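Student: sequence first, then the predicted structure, then my questions.
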Amino acid sequence: MDSNATTPLLPEVMEAMQPFWMEQYGNASSAHRQGQQARGAVERARMAVATLLGCKAAEVVFTSGGTESDNLALFGVLPPDSPEKIHLITTTIEHHAVLHAAEALAARGAVNGNIEVTFIPCNAQGVVEPAVLQAALRPNTKLVSVMFANNETGAVQPVVELARIAHAGGALFHSDAVQAAAKLPIDLTGELHEVDLLSLSGHKMHAPQGVGVLFVCQGLKLAPLFHGGSHERQRRAGTENVPGIVGLGKAAELGAAWLAGDGVAKLAALRDRMEQTLVAGIAGCGINGGGVARTCNTTNLYFDGVDAEALLISLDLQGLAISAGSACQSGAAEPSHVLTAMGLPLARARASVRISLSKLTTDEDVDYALEVIPAAVARLRKMGAARGAVSIAAV
Ligand code: PLP
């Protein structure tokens, strides 16, 4: 139940990738038959991703994952050696792939004096309000980057409205849709036509780790991160990861079919059953950011008085994997930057966990979670109370 950290390959994805390791292993840039087989597979995958996103195949750039896509979007639009003074707006709730890239740009801007970055806040539900973006825009704002759905709470951001505001202010708009793709419909020629750049990651949608996509709207000039061959129409140099790209294409095809059916409603019902049962059955338990539209698979819950790391370890020993904050944060003592940005008191942020399901999660999995979570919470609270009693007695 840590699917926002990563997901397993679907069998169909594995099967689609299989021939491209040892049989059709050509370099997609080679002119011979093996190369052309690989090229054909890459282009079919590009079409499948374009269908999932409602964009043109030529607008799909394959990368090594969400982190690279985010960096390519920010550094590609805001070259650190830009002669003009440029302004970037992003938010305090972004994944570190955007947050740290923006901080790196800000640090270079501080030296060169040409890039300024504003981190706009979210509200108490973890949503970035359009009026806040509007107020932060400057005449030289070149890019606005706001994630599609938050990885820790699942909160879906008002991307249509935010992109419209960015464009009206003369800025480009990027969205990190790593946690939204194949969980929410994304139509880049429909209501999302004002989005210029959008990031995806294969391993969050049942494709392999180490492959991703940056959607780059037609006509947008992007400075590449890497210098090398003219792959991906000169937007991303380096021999294509053909098996990974084929896997991502298959996952996109399966994701589109799943979205067209009743998968979202079923997964949301499973998530809702789990969180409602926990909230109703455990005192001092509630949902962080539960009052807004969320991705169908994610819940972020607090258990007052319980250390989230201790709960994570206790559940891990019983075979249930969850997360305290984001995966990259686990092990660090710092509470989640997203929960603190939402204004949660430190003690509550430290008592919060993320549970994220996938389309492979079953009713039985949820039943098991509902058996072990309340018991672990009760045990940890009892231990905490006993420790408190001992230390009071010692004083
Ligand atoms: N953006 C978000 C919202 C994420 O959740 C993640 C991964 O957790 C990333 C970006 C990074 O993606 P990748 O692991 O493919 O580099």
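Tutor: That came through, no problem.
Student: for the ligand, what's the nearest residue on the stretch 1-150 of the chain?
Tutor: Nearest residue of the stretch 1-150 of the chain to the ligand, counting by C-beta to the nearest ligand atom: G66, 2.4 Å away. All C-beta spots, glycine's among them, are computed from the backbone N, C-alpha and C.
Student: for G210, see how far away the closest residue in space to G212 that isn't next to it in sequence is.
Tutor: Distance criterion C-beta to C-beta, 6 or more residues apart in numbering; nearest residue to G212, sequence neighbours excluded, is G65 at 4.0 Å. As defined by C-beta to C-beta, to the nearest Å, G65 lies at a distance of 6 Å from G210.
Student: now do the shared contacts for the two.
Tutor: 202-203 (C-beta atoms under 8 Å, 6 or more residues apart in numbering).
Student: could you check the pLDDT of A171?
Tutor: On the pLDDT scale, A171 is placed at 98.
Student: and F75, what is it in contact with?
Tutor: Contacts for F75 (C-beta under 8 Å, 6+ apart) come out as 101, 105, 223, 225.
Student: hang on, it is in a strand, isn't it?
Tutor: No. Read with DSSP: H, G, I helix; E, B strand; the rest coil, F75 is helix and lies in no strand.
Student: ok, now which ones touch P121?
Tutor: With C-beta under 8 Å, 6+ apart, P121 has these contacts: 91-92, 128, 132, 341.
Student: show me which pair in those is furthest apart.
Tutor: Taking C-beta to C-beta as the measure, those span a maximum distance of 12.3 Å, between V132 and A341.
Student: which one's more surrounded, those two?
Tutor: Neighbours were tallied for V132 and for A341 using other C-beta atoms under 10 Å; the higher tally belongs to A341 (21 against 17).
Student: model confidence for the more buried one, exactly?
Tutor: pLDDT at A341 comes out at 97.
Student: what's the burial count for the closest residue to it other than its chain neighbours?
Tutor: Distances taken as C-beta to C-beta, 6+ apart place T92 nearest to A341, at 4.1 Å, with adjacent residues excluded. Around T92 there are 15 other residues, counting by other C-beta under 10 Å.
Student: what's the domain layout of the chain?
Tutor: Annotated domains of the chain cover 11-259, 263-394 [automatic domain parsing].
Student: mean pLDDT lowest for which of the ones you listed?
Tutor: Lowest mean pLDDT within the domains of the chain: domain 263-394, at a mean of 91.
Student: gap between that one and the chain center?
Tutor: 19 Å (C-alpha atoms, centre = their mean, to the nearest Å).
Student: same for the helix or strand E161 falls within, what does it pack against?
Tutor: Under the criterion of DSSP states H and E, E161 resides in helix 159-168. Applying 3 or more C-beta pairs under 8 Å, 6 or more residues apart in numbering; DSSP states H and E, we find helix 159-168 packed against helix 130-136, strand 141-145, strand 172-176.
Student: buried ones in that helix, by neighbour count?
Tutor: 159, 161-167 (16 or more other C-beta atoms under 10 Å).
Student: related to what we said a few turns ago, ok, of the contacts of F75, which come out buried?
Tutor: Counted by 16+ other C-beta under 10 Å, the contacts of F75 give 101, 105, 225 as buried.
Student: which of the residues you listed fall in helices?
Tutor: Among those, the members found in helices (DSSP state H) are 101, 105.
Student: want to throw the buried ones among the contacts of F75 into TSV with distance to P19?
Tutor: Shown next, in TSV, are those (distance: C-beta to C-beta, whole Å):
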residue	distance to P19
A101	36
L105	41
L225	30
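Student: keep the buried ones among the contacts of F75, but drop any that are not near the ligand.
Tutor: Restricting these to those within reach of the ligand (C-beta under 6 Å from any ligand atom) leaves nothing.
Student: list the contacts for E240?
Tutor: Contact partners of E240, counting by C-beta under 8 Å, 6+ apart, are 28-29, 38, 42, 62, 231-232.
Student: neighbour-wise, which of those residues leads?
Tutor: The residue in these with the most neighbours, by other C-beta under 10 Å, is F62 (29 neighbours).
Student: what about it, which SS state?
Tutor: Classification of F62 using three-state DSSP returns strand.
Student: use 15 as the first number for this chain going forward.
Tutor: Will do, 15 is the new start, and the previous item becomes F76.
Student: neighbour count for G79 and G224, which is higher?
Tutor: Counting neighbours by other C-beta under 10 Å for G79 and for G224 shows that G79 has the greater number, 23 against 15.
Student: next one: phi and psi at that one?
Tutor: Here is the backbone geometry of G79 (degrees, to the nearest 10): phi 150, psi -170.
Student: touching, it and Q223? I think so.
Tutor: Yes. Assessed by C-beta atoms under 8 Å, G79 is found in contact with Q223 at 7.1 Å.
Student: give me the common contacts of the two.
Tutor: By the contact definition C-beta under 8 Å, 6+ apart, G79 and Q223 are jointly contacted by 216-217.
Student: inside helices: which ones of the contacts of P135?
Tutor: Using DSSP H, 146, 355 are the members of those that sit in helices.
Student: nearest to K156, of the contacts of P135?
Tutor: Closest approach between the contacts of P135 and K156, by C-beta to C-beta: T105, at 16.4 Å.
Student: okay, and the beta partners of the closest one?
Tutor: I134 (DSSP bridges).
Student: which residues touch it?
Tutor: 133-136, 142, 159-161.
Student: I'd say the residue nearest to A355 and H351 touch.
Tutor: Yes. Between T106 and H351 there is a contact under C-beta under 8 Å: 7.0 Å.
Student: mutual contacts of these two, please.
Tutor: L113.
Student: before we move on, the earlier item: give me the beta-bridge partners of the residue lying closest to the residue of the stretch 15-164 of the chain closest to the ligand once chain neighbours are set aside?
Tutor: Once flanking residues are discounted, G80 sits nearest to S215: 3.3 Å by C-beta to C-beta, 6+ apart. Beta-bridge pairing of S215 under DSSP bridges involves G226.
Student: among the contacts of T105, who's most crowded?
Tutor: S159 (29 neighbours).
Student: list the beta-bridge partners for that residue.
Tutor: Beta bridges link S159 to H188 when assigned by DSSP bridges.
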